[in-house]
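Visitor: Need coordinates for the following:
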Amino acid sequence: MLIKSVRGSTPSYGLDCFFAENSTLIGDVKIGDEVSVWFQAVVRGDVNSIRIGNKVNIQDGVVIHATYETASTHIGNNVSIGHNAIVHGCKINDNVLIGMGSIIMDHCEVGSNSIIAAGAVVTQNTIVPPGTIFAGVPAKKIKDIDPHLQKSEIERVAQNYIIYASWFKQ
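Guide: Presented below is the predicted three-dimensional model:
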């Protein structure tokens, strides 16, 4: 793992985290407990702050960044960010699944218990209400999320990544 200080800030992280050997943490980044940052993922807090809660998985090839002076990035607890997604200058609340290859732009807010479908582009300033599924380019509400889907997908994926990370810590 590459940890790089910039502009007087050094990334910090909590307990029981996993960082792949070629993952990168830069600058003003604070990460909670039981977080995994997978292969070739970049969390780049060089131009603004990035805050990541507990039990978050940042899968292979993800880029998390912010915008200088205008848009920090905040990610809640129990969030899964799918392979090759981009999370930029936005707020992701608790219990969210962000699908593979999706893009979430500046000043967006994704409500708790929501799913952003694979390949979706959530354009600047979009508010994703809690408990919804957004998909498409640009992303739009598809439907309200079924509580069973919330348990079976959002929680399952987050919990599975804690298990996967444990395999690499042995």
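Visitor: hang on, residue 137 packs against residue 119?
Guide: Yes - at 7.3 Å, residue 137 counts as touching residue 119 under the criterion of CB atoms under 8 Å. Placement of C-beta: from N, CA and C, glycine included.
Visitor: Compare neighbour counts for these two and give me the winner.
Guide: Set residue 137 next to residue 119 and count neighbours by other CB atoms under 10 Å: residue 119 wins out with 17 against 12.
Visitor: Before we move on, what's the pLDDT of that one?
Guide: We have a pLDDT of 98 for residue 119.
Visitor: can you check residue 3 too?
Guide: Taking residue 3 on its own, its pLDDT is 97.
Visitor: so what does the helix or strand harbouring it touch, helix or strand wise?
Guide: Assigned by DSSP states H and E, residue 3 belongs to strand 2-4. Under the contact criterion of 3 or more CB pairs under 8 Å, 6 or more residues apart in numbering; DSSP states H and E, strand 2-4 touches strand 24-31.
Visitor: buried residues in the strand it packs on?
Guide: By neighbour count on 16 or more other CB atoms under 10 Å, the buried set for strand 24-31 is 24-29, 31.
Visitor: Relative to residue 9, which of the residues you listed is nearest.
Guide: Closest approach to residue 9 among these (CB to CB): residue 28, at 3.9 Å.
Visitor: for the chain, what helix or strand is lowest in average pLDDT?
Guide: helix 147-149 (a mean of 82; mean pLDDT, DSSP states H and E).
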